[in-house]
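*Asks:* have a look at this fold, sequence not included:
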């Protein structure tokens, strides 16, 4: 029986050989493609042959504390510390962050790799084999589109928390609408709907990406925002948020230069001074805030003055924005690093910190706006819009807007 089987095999081989080498006819041999299983990787390390232990960095724990327990010598640890310097300061490992031990699966369980997660995305792998190496890496970030809607009951932050949404969305909306809506004045019953992308790592949402469109209903009025990138051929083109007509939501000035608790004093021609106890003009707005709260310039400009006013504004900065407008920020505790007269600033640049210098009864920012040299009420100032969508690309914008409206208005 065995001889018969072998003979058939040889006969088949001969026929195949003759067919393949015949000058008159070439045999077509179908070769079945076999797809090999892909190795399972963790930090780009195949895990099949390792025993892996996942731990968290304990308080005041460093790399030496961890590796000494794994029988790694002081000499090798010192090498690791030196090699890792360009990519990670292992002396400042953050408590609560994950680390992974890759060990041989035999009885000795020798440590081969050590991986430390610097944050949710970035990590460092230490190779403890013959040649010690340290390699930085990043996990794959998946972007998942999502839509969320809700109603404001107190603050925008609380509205997100109540809706089990990432509170970062509150900050995003505040930035998008910072020239349109005063988020310190939003009302109970205001509604929102947001179309955005979630950032997902290891099948776990850890942050938010771009907000593509938003509808915020404030005092019965819809304020829509659409993210649109004009073609590169348009000079200075960047992605911005526009309203339904293609007008930019970015104004020339921010509505406020800081995150404040409340307006403690308004613009007035006759205000009772809290310290001097006399009536005199107060041509600015006082924003009550904690000492040290960052203060930002409300628009592009140049530092025109930086000085101390003994019997009035204390430490102050004046910024000239253009030939028409200038702004002054008073009672500062201190200035941002690198502030000097003549320094060019861009909108939202840090300029100083809330303080109580000069004649002040408590920490606050006295903020003043001047138009053609005359003080005007900052709370009543109307700021012109930035450049709208260029006419060459309006049709593209309208198509995008109409598409996004299906998301914003469809339940």
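*Replies:* Good, I have the coordinates. Keep in mind the model is a prediction, meaning the values are calculated, not measured. Numbers count the residues shown, from 1 in each chain.
*Asks:* and the contacts of stretch 249-261?
*Replies:* 176-180, 182, 184, 225, 240-243, 287-290, 293-299, 321, 325, 327, 329, 347-348, 354, 365, 367, 381, 383-386 (CB atoms under 8 Å, 6 or more residues apart in numbering). Any C-beta I mention is one placed from the backbone N, CA and C, and that applies to glycine too.
*Asks:* now, which of these lie within strands?
*Replies:* 225, 240-242, 287-288, 294-296, 325, 327, 329, 354, 365, 367 (DSSP state E).
*Asks:* wait, residue 118 sits on residue 124?
*Replies:* Yes: applying CB atoms under 8 Å as the test, residue 118 and residue 124 come out as touching, 6.5 Å apart.
*Asks:* ok, these two, which is more surrounded?
*Replies:* residue 124 (21 against 17; other CB atoms under 10 Å).
*Asks:* now the closest residue to the more buried one other than its chain neighbours: which helix or strand?
*Replies:* Distances taken as CB to CB, 6 or more residues apart in numbering place residue 88 nearest to residue 124, at 4.6 Å, with adjacent residues excluded. Taking DSSP states H and E as the criterion, residue 88 maps to no regular element, lying outside all helices and strands.
*Asks:* relative to residue 311, how far out is residue 88?
*Replies:* Residue 88 is 52 Å from residue 311, where distance means CB to CB, to the nearest Å.
*Asks:* neighbour count winner among the two?
*Replies:* Neighbour count, other CB under 10 Å: between residue 88 and residue 311, residue 88 has more, with 21 against 8.
*Asks:* quick one: contacts for that one?
*Replies:* Taking CB under 8 Å, 6+ apart, we find residue 88 in contact with 116, 118, 124, 134, 136.
*Asks:* state the mean pLDDT of the helix or strand containing residue 402.
*Replies:* Secondary structure assignment for residue 402, by DSSP H and E: helix 394-409. Across helix 394-409, pLDDT averages out at 94.
*Asks:* picking that back up, tell me which of the ones in strands among the contacts of stretch 249-261 is nearest to residue 100?
*Replies:* For the ones in strands among the contacts of stretch 249-261, the residue nearest residue 100 by CB to CB is residue 294; the value is 37.7 Å.
*Asks:* show me the contacts for that closest one.
*Replies:* 258-259, 350, 352-354.
*Asks:* pLDDT-wise, what's the bottom of those residues?
*Replies:* Across the set of the contacts of residue 294, residue 259 stands lowest in pLDDT, at 81.
*Asks:* count of neighbours near that residue?
*Replies:* For residue 259, the tally of surrounding residues (other CB under 10 Å) stands at 16.
*Asks:* now do the SS call for it.
*Replies:* In terms of secondary structure, residue 259 is coil; the call rests on DSSP: H, G, I helix; E, B strand; the rest coil.
*Asks:* how near is it to residue 174?
*Replies:* Taken as CB to CB, the span from residue 259 to residue 174 is 9 Å.
*Asks:* and what of residue 314?
*Replies:* Counting by CB to CB, the gap from residue 314 to residue 174 is 29 Å.
*Asks:* more neighbours, the two?
*Replies:* Higher neighbour count among residue 314 and residue 174: residue 314, with 20 against 17, using other CB under 10 Å.
*Asks:* okay, now the domains of the protein?
*Replies:* What automatic domain parsing lists as the domains of the chain is 41-138, 142-242, 262-380.
*Asks:* ok, back up a step: highest neighbour count among the contacts of residue 294?
*Replies:* Top of those by neighbour number is residue 352, holding 26 neighbours under the definition other CB under 10 Å.
*Asks:* picking up where we left off before, out of the contacts of stretch 249-261, which end up buried?
*Replies:* Buried members of these, counted by 16 or more other CB atoms under 10 Å: 176-180, 184, 225, 240-243, 287-289, 293, 295-299, 321, 325, 327, 329, 347, 354, 365, 367, 381.
*Asks:* avg pLDDT for stretch 71-90?
*Replies:* On average, stretch 71-90 scores 87.
*Asks:* now it: buried residues?
*Replies:* Using 16+ other CB under 10 Å as the test for burial, stretch 71-90 gives 72, 77, 80-81, 83-84, 88, 90.
*Asks:* so, if you compare those, which one comes nearest to residue 405?
*Replies:* Proximity of the buried residues of stretch 71-90 to residue 405 (CB to CB) peaks at residue 88, which lies at 46.3 Å.
*Asks:* from residue 98, how far out is that closest one?
*Replies:* Taking CB to CB, one finds residue 88 at 14 Å from residue 98.
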